[in-house]
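Visitor: Fold the following and give me the result.
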Amino acid sequence: MSLTSPTIVARGQKRPTSVASCVSANGKPASVIKWDTRLTGDASVQETRHANGTVTVSSTYVVAPSRETHKQKLTCIVTYRNEPIANSVVAIEGFDGNWYLNRQGVQLSCRADANPPVTMYQWKM
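Guide: Sure, this is the predicted structure:
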């Protein structure tokens, strides 16, 4: 199981953006991925079936960055054989609701409490 942590885009528009993805690789049977959060967003799920009978399930969570997303938790929950595994908690901090083009001194931080630890953060502009 792996997690790619938030991609936050600093734009004036409230355009939906992928903020986290979660992958459960090579399960037999396939696992189920759900998200636990108060964020108003959408999750997409994709299954890849392999020749050896295993299945890799990946899910991406999309949300429009806003004042309401500030410090909200997002947890990927993978259920395998009816055993839920909460992979991580991701907190996005730094959005103050006053973003505009060419603003100076903008800072965002991402904290992820994960086991195993998150190995990659990806920020896009």
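Visitor: residue ranges with poor pLDDT in the protein?
Guide: Residues of the chain meeting the criterion pLDDT under 70: 1-14, 84-101, 107-125.
Visitor: those strands in it, which residues are they?
Guide: Using DSSP state E, the strands of the chain run over 2-4, 17-27, 32-37, 41-49, 55-63, 73-80, 83-93, 109-114.
Visitor: Show me which positions of the second one end up buried.
Guide: When you say that, I think you mean strand 17-27. Under the neighbour-count criterion of 16 or more other C-beta atoms under 10 Å, strand 17-27 has Thr17, Ser18, Val19, Ala20, Ser21, Cys22, Val23, Ser24, Gly27 buried. From N, CA and C alone the C-beta is placed, and that goes for glycine too.
Visitor: same check, this time on the third one
Guide: Using 16+ other C-beta under 10 Å as the burial criterion, the residues of strand 32-37 that qualify are Val32, Ile33, Trp35, Thr37.
Visitor: One more: stretch 62-72?
Guide: So for stretch 62-72, counting by 16+ other C-beta under 10 Å, buried means Val62, Val63, Ala64, Pro65, Thr69, Gln72.
Visitor: That one spans what distance, first to last residue?
Guide: This stretch, stretch 62-72, spans 14 Å end to end (C-alpha to C-alpha, to the nearest Å).
Visitor: one step back: in a markdown table, list the buried residues of strand 17-27 along with distance to Gln104.
Guide: Supplementary listing: the buried residues of strand 17-27 in a markdown table, determined by distance: C-beta to C-beta, whole Å:
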| residue | distance to Gln104 |
| --- | --- |
| Thr17 | 22 |
| Ser18 | 26 |
| Val19 | 24 |
| Ala20 | 28 |
| Ser21 | 31 |
| Cys22 | 34 |
| Val23 | 36 |
| Ser24 | 41 |
| Gly27 | 47 |
